[in-house]
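Visitor: dropping the sequence and predicted coords here.
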Number of protein chains: 2
Amino acid sequence: MTSEHTPTPEQAATPARPLGRELIVQEAIAMIDEHGLERLTMRSLGARLGVDAMALYRHVNGREDLLEGIVAALVDQIQVDPDGRLGPTEGWQGLLQWLARSVRQIAIDHPRIFPLVATRHPAAPWLRPPLRSLRVVEDFLRGLTDRGFSDTQAVETYRAFTSFLLGHLLLEVAAAGATTGPVEQPLDEGDADLEPHDQSLDVTDYPLITRTRALLSEDHTERDFEVALEALLDRLDLALSQ
Amino acid sequence: MTSEHTPTPEQAATPARPLGRELIVQEAIAMIDEHGLERLTMRSLGARLGVDAMALYRHVNGREDLLEGIVAALVDQIQVDPDGRLGPTEGWQGLLQWLARSVRQIAIDHPRIFPLVATRHPAAPWLRPPLRSLRVVEDFLRGLTDRGFSDTQAVETYRAFTSFLLGHLLLEVAAAGATTGPVEQPLDEGDADLEPHDQSLDVTDYPLITRTRALLSEDHTERDFEVALEALLDRLDLALSQ
DNA sequence: ATATCGGGTTTACGTTGTAGACCGGTCACG
DNA sequence: CGTGACCGGTCTACAACGTAAACCCGATAT
């Protein structure tokens, strides 16, 4: 009877038994979405599932493995090919556009998890986040080679495309996280001395920043994403035709 | 006398007194470079500096602040403008090329720290990693406006350029980290049961991956970086001329 | 009926970040 | 020339975390 109350009064208990890797990962994702990564703890996750923390270890090889599972779960949501098989009318451009938007949607839905997808070490050095599962890469390569790409071209496109996705989406979710609230503090605000490291920073010494402040704060993430994607497609198209 | 030996026998003591924020951050950077982020601990860092862990708190506002300092230190190394002022002969292309390579060099020198630069929340939502300090952004905007960019163009370029850098460099250092050794385990290898989650993954079910395995493993990071940069510059040039 | 075992619990330990008390030297000032 | 402040180190302590190990119990197989 040492702890009768639930340690975190998040939700009392058992959202959907039977306990298993799937459910655990799912609930962990929800938890990060709601409170951020640092608040995902074995104990809190266990509590949320109405179960002792140690129970999780029956289904998951420790916290690292859990994070791995979370990343894998998100990556598995990526659809390389739309359901209604897109005809070769659109060609590879359509495929890449679809895929890009698919990945983008996932990133936006889980802005606090995407950094994990971006930075955790993939299973093999040639897997490039965010397209970091064998299934996705296979489908990607097939999609392109089916549409006339040589193996080399397909692989080069894989590299260019992942770089594009990673840069744009990571910046987009970072911006999203900044507005939503970066971390979720446990409700204190006693600011220390020792150079308070100004929160709302002073910009007066930087004339150009001051001048462009409004411009800098504008949000064009979606448009930027689309035009950069278009530019990439153009570039690839050019590279193909020679 | 509870702990007479140094907790981590890394280096006995005092590499360069006077203790201070600067020195602490510097040594922390060295430590991450050598052993990885998760092995950077207040106690180990203190030990490395020949000092009690708590001494660090006199100069640093806790671990988070230390990480902030590390990121800031790296970003401060970025040189927007070469020392020998480059004439307007090169124009803005030269500037961006120089800057890109400057940032890239830093990323490569600290592959285990760059992810921090990439993913930690900047001081303001409109600061975009890796160009995430006021000084760098100011110099960046000045460099461009000095060369004929409008404010809007300069800001748009800032966005495009940071996306480019982040995507390419993050993937490059991830690949680097994968070869060097991702984490630095404390020397055990007793593999658990529970689906060993295959380390050297099996690729036989993925014909296209199998076929392009060699291609996928080739390393073209530098070339890719340069050609993507060139493409970006072309795109910007085009956007400028209309 | 009884042995097995999957899957939960309890307890305990080591490691981490960090608060807070202590404490010794140095330096300003009466 | 004391004497107090204070700067910057130490020591001790604690809560939170990940997780190993032992336990335990109900269903199921023999």
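Guide: That came in fine, so what should we check first? Numbering: from 1, shown residues only, chains lettered A, B, ... in the order given.

Visitor: so where do the helices sit in chain A?
Guide: Secondary structure of chain A (DSSP state H): helices located at A:21-35, A:42-48, A:63-76, A:91-109, A:114-119, A:134-146, A:151-180, A:207-217, A:221-240.

Visitor: now the last one against helix A:151-180, angle please.
Guide: Orientation of helix A:221-240 against helix A:151-180 (axes from the mean of the first three to the mean of the last three Cα atoms, to 10 degrees) gives an angle of 170 degrees.

Visitor: could you give the angle of helix A:221-240 to helix A:91-109?
Guide: 150 degrees.

Visitor: now the first one
Guide: Between the axis of helix A:21-35 and that of helix A:91-109 there is an angle of 70 degrees, by the same axes, to 10 degrees.

Visitor: and the longest one, by the same measure?
Guide: Helix A:151-180 and helix A:91-109 meet at an angle of 30 degrees, taking the same axes, to 10 degrees as the criterion.

Visitor: count of neighbours near the closest residue to A:Leu127 other than its chain neighbours?
Guide: Leaving aside its sequence neighbours, A:Leu127 sits nearest to A:Val137 (Cβ to Cβ, 6 or more residues apart in numbering or on different chains; 6.7 Å). Placement of C-beta: from N, CA and C, glycine included. Other residues near A:Val137 come to 25 when the count uses other Cβ atoms under 10 Å in any protein chain shown.

Visitor: next one: the one 5 residues further on
Guide: Using other Cβ under 10 Å, A:Arg142 is surrounded by 17 other residues.

Visitor: for the residue in chain A that DNA strand C sits nearest to, phi and psi?
Guide: The nearest approach of chain A to DNA strand C comes at A:Asp52, 2.7 Å away (Cβ to the nearest atom of the strand). A:Asp52 adopts backbone torsions of phi -70, psi 150, taken as degrees, to the nearest 10.

Visitor: what's the spacing between it and DNA strand D?
Guide: A:Asp52 sits 9 Å away from DNA strand D when distances are taken as Cβ to the nearest atom of the strand, to the nearest Å.

Visitor: how many residues are close by that residue?
Guide: By the criterion of other Cβ under 10 Å, A:Asp52 has 12 neighbours.

Visitor: that one against A:Gly46, yeah?
Guide: Yes: counting by Cβ atoms under 8 Å, A:Asp52 touches A:Gly46, with 5.6 Å between them.

Visitor: what residues are up against A:Val117?
Guide: If you count contacts by Cβ atoms under 8 Å, 6 or more residues apart in numbering or on different chains, A:Val117 has them with A:Val71, A:Leu74, A:Val75, A:Ala107, A:Pro129, A:Pro130, A:Arg132.

Visitor: what is the burial count for the closest residue to A:Arg58 other than its chain neighbours?
Guide: Distances taken as Cβ to Cβ, 6+ apart place A:Leu19 nearest to A:Arg58, at 8.0 Å, with adjacent residues excluded. By the criterion of other Cβ under 10 Å, A:Leu19 has 18 neighbours.

Visitor: local confidence estimate at A:Leu19?
Guide: For A:Leu19, the model assigns a pLDDT of 91.

Visitor: can you get me a residue count around the residue in chain A positioned nearest to chain B?
Guide: Ranked by Cβ to the nearest Cβ, the top residue of chain A for proximity to chain B is A:Gly167, at 2.6 Å. A total of 28 residues lie near A:Gly167 under the criterion other Cβ under 10 Å.

Visitor: now it: closest residue in space, sequence neighbours ignored.
Guide: In space, and not counting its chain neighbours, A:Gly167 is closest to B:Gly167: 2.6 Å by Cβ to Cβ, 6+ apart.
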